[in-house]
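Chemist: sharing a sequence plus its predicted fold:
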Amino acid sequence: MAKSAAEWSAPPKFPQTHYVDSRVYTDEVIFEEEKERLFKPSWIIACHESEMAAPYDYRLFNHPAGVPLIVIRGDDNKVRAFYNICPHRGNTILYDPAGNAKRLTCIFHQWSFDSRGNCVDISRAEQGYQERFCKEDAAMREVKCEVAYGGFVWVNLTDDCAPLRQFIGGAMDILEPYMQQPMEVFHYHKARVRTNFKLWHDTNSEFYHDFLHYFNRITGMMQPGYFDRKYTGFPHGHATVGSMQIQYDKYDGSKERAVGWPGLARGGWYMVDVFPGMTYNLRTSVLRIDTAIPLGPNEVIIEFRGLGLKADTEEERRQRIFDHNMIWGPFGRNLHEDLLGVHGQGRAMRSGTDSRWVLQGREEGSTIHDEIGMRHYYAEWSKLMGRPAYDPYQEGKPDPVRVVA
Amino acid sequence: MKTEQRQAIEELVYRSCLALDAKDYKAFLELCDPEFRYTISTYSPEIRREMVWLDHDRKGMEALFTNLPRHNSDHSPLSRHATVYTVEEKAAGAEVVSALQVFKTQLDGGATELFAVGRFHDTVKLDGASVKLKKRLVRLETRLLGYGYHIPF
């Protein structure tokens, strides 16, 4: 029987850990807190070292907390990250998303900085500032930066943050054996979707939605080993998904992936979901990395990268790109379906729709259709936000008339 | 090149757009040579690399078109607008460059938005009065395609 308004608003018949109040996906107040409490203190992937191979190569990155960053390889080959904000009049210093710059010069008044963040020139400094202000007072704001876990450049905006290794803990143990060879980014694109960033991470944290994907049903769900794949939760909200042997040749026009990945079993597929919005996805011959950059409670840019091995032959690289494009990329069979899925959630949950709850109640011994990956995420989310995801305003009971912005 | 042949080439380009707009894959493939190759590529200023986003021979295109109805896709129709800029006769056939604009129309309400811009770089096989697409490179300028699309441009 269909539900009345009261029944629709009543909490689900699950433990409170097994559902989420959908306001965590729509409220501006919660979103602003997420930038402060989740993104600022977390280590975030800004780019990959192959995007900045030579000294003075740089890459711009819009940090999910809202800060524009420059990531640059210094004259000493060390990778550093700085605010892309001139300390003079707050202007943008670099405009192009990538390039090579021995001097970082603000076009506004020609203040200039080196690759270590030192100010090296202030136009007409003595005439204007006399002895009151000098280059040493005008350095760029540096943020914490480490290159790790497959050559990715991680940044952290907090001065006293814990080291990256401590933040990740054991979550990357499952993938580290396969990331010992230098890798190279061959694919990059962004998708801008009107949905909440957590809904994208949720999609990467549960496989029950394989029903959405014809490709995954044919090559995975209908094959032996699929229902044995397991989720494992790690401290700080990270989670991993164990492997199986994907039968690529079961899909018309596809065949077994010949290139593979060093050390990875034939057809293997591991995933690591990194809190609060990144995913490593090593699927047989390609590593895909997702980085969510929220623009608002109901809008997100997702950066997608595809990587192969730096040592690839031309033919190996061509095959990896083919494999990548078959299911991923803007025309890929699976990515379009996943993005349609979260677009639909954003459409149904936007403010004022009276979407009420998101269920995460499946329990199947932590295997592939269990929703423990999401539950694990929201336990960490609730802890850091100081708000239970099932009752973010701690009203104790659902409000009879929801006040919407 | 004779005017009739140039007209036939231009019509081939336009018919290819009409066929894909109508999701008439059979009609599209009838415009293509058995050695047909279809590629979508673009340049990423972010990673400073050329990228290939789709690359299929004729058999691969046939498999793609067979599989697409099995997938969940955005049902918003696309309108492909091509303008043939240049046609150059070469030993292998005609090299044709066309401007491409792709518009997407929402099913609910019918709002139309510009979805993508780029160019077709086509190689057309000439055999008397017959013209067939031997190679199509869709060179995209647009790289932000929202939640993407399953059907090639």
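Modeler: Yep, it's here.
Chemist: tell me who's in contact with residue A:260.
Modeler: A:266, A:284, A:285 (C-beta atoms under 8 Å, 6 or more residues apart in numbering or on different chains). In short, each C-beta sits where N, CA and C put it, glycine included.
Chemist: and it, how far is that from chain B?
Modeler: Distance of residue A:260 to chain B, computed by C-beta to the nearest C-beta, to the nearest Å: 20 Å.
Chemist: what comes up buried for stretch A:133-145?
Modeler: A:135, A:138, A:140, A:143, A:144, A:145 (16 or more other C-beta atoms under 10 Å in any protein chain shown).
Chemist: now swap in stretch A:53-66 and tell me
Modeler: Buried, per 16+ other C-beta under 10 Å, within stretch A:53-66: A:56, A:57, A:58, A:59, A:60, A:61, A:62, A:63, A:64, A:65.
Chemist: just the helices in chain B please.
Modeler: For chain B, the helices defined by DSSP state H occupy B:3-21, B:25-30, B:58-67.
Chemist: about what we covered before: list just the nearest of the buried residues of stretch A:53-66 to residue B:105.
Modeler: Of all the buried residues of stretch A:53-66, residue B:105 sits closest to residue A:62, with 30.8 Å by C-beta to C-beta.
Chemist: pretty sure that closest one sits against residue A:68.
Modeler: Yes. Here residue A:62 reaches residue A:68: they are 5.7 Å apart, a contact under C-beta atoms under 8 Å.
Chemist: how about residue A:249, what does it touch?
Modeler: Residue A:249 makes contact with A:255, A:256 under the criterion C-beta under 8 Å, 6+ apart.
Chemist: what about it, distance to chain B?
Modeler: 12 Å.
Chemist: hang on, that residue in a helix?
Modeler: Yes. The assignment for residue A:249 by DSSP: H, G, I helix; E, B strand; the rest coil puts it in a helix.
Chemist: how about the residues of chain B that lie near chain A?
Modeler: Neighbours of chain A within chain B, by C-beta under 8 Å from any C-beta of the partner chain: B:40, B:44-49, B:51-55, B:59-60, B:62-64, B:66-67, B:70-74, B:143-150, B:152.
Chemist: apply 7 Å and report the result again.
Modeler: B:40, B:44-49, B:51-55, B:60, B:63-64, B:66-67, B:70-74, B:143-150, B:152 (C-beta under 7 Å from any C-beta of the partner chain).
Chemist: among those, which ones are buried?
Modeler: B:40, B:44, B:46-49, B:51-55, B:60, B:63-64, B:67, B:71-74, B:143, B:145-150, B:152.
Chemist: that older thread, ok, so of the buried residues of stretch A:53-66, who is nearest residue A:357?
Modeler: residue A:64 (25.8 Å).
Chemist: distance check, the residue lying closest to the closest one once chain neighbours are set aside against residue A:276.
Modeler: Using C-beta to C-beta, 6 or more residues apart in numbering or on different chains and skipping residues adjacent in sequence, the residue nearest residue A:64 is residue A:39, 4.3 Å away. Note on residue A:39: its distance to residue A:276, by C-beta to C-beta, to the nearest Å, is 6 Å.
Chemist: per-domain residue ranges of chain A.
Modeler: A:44-165, A:175-385 (automatic domain parsing).
Chemist: roughly how far out does the first one sit from the chain middle?
Modeler: Centroid separation for domain A:44-165 versus its chain: 22 Å, with C-alpha atoms, centre = their mean, to the nearest Å.
Chemist: again, but for stretch A:262-272
Modeler: 20 Å.
Chemist: what's the answer for stretch A:22-36, then?
Modeler: For stretch A:22-36, the distance to the chain centre is 17 Å (C-alpha atoms, centre = their mean).
Chemist: identify each buried residue in it, please.
Modeler: Result for stretch A:22-36 [16+ other C-beta under 10 Å]: buried residues A:22, A:23, A:24, A:25, A:26, A:27, A:30, A:31, A:33, A:34.
Chemist: next up, phi/psi of residue A:247, please.
Modeler: For residue A:247, the backbone dihedrals (degrees, to the nearest 10) come out as phi -100, psi 80.
Chemist: what sits against it?
Modeler: A:219, A:223, A:267 (C-beta atoms under 7 Å, 6 or more residues apart in numbering or on different chains).
Chemist: next one: it from residue B:86, what distance?
Modeler: Distance, residue A:247 to residue B:86, by C-beta to C-beta: 46 Å.
Chemist: follow-up on the earlier one: and the buried residues of stretch A:22-36 as a markdown table, adding secondary structure and distance to chain B?
Modeler: Formatted as a markdown table, the buried residues of stretch A:22-36 follow (DSSP: H, G, I helix; E, B strand; the rest coil; distance: C-beta to the nearest C-beta, whole Å):
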| residue | secondary structure | distance to chain B |
| --- | --- | --- |
| A:22 | helix | 20 |
| A:23 | helix | 24 |
| A:24 | helix | 22 |
| A:25 | helix | 17 |
| A:26 | coil | 19 |
| A:27 | coil | 24 |
| A:30 | helix | 24 |
| A:31 | helix | 21 |
| A:33 | helix | 27 |
| A:34 | helix | 23 |
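Chemist: from those, which two are the most distant?
Modeler: A:22 and A:33 (16.6 Å).
Chemist: neighbours of residue 110, just the number please.
Modeler: By default, I'm working from chain A. 12 (other C-beta atoms under 10 Å in any protein chain shown).
Chemist: oops, I was thinking of chain B
Modeler: 7.
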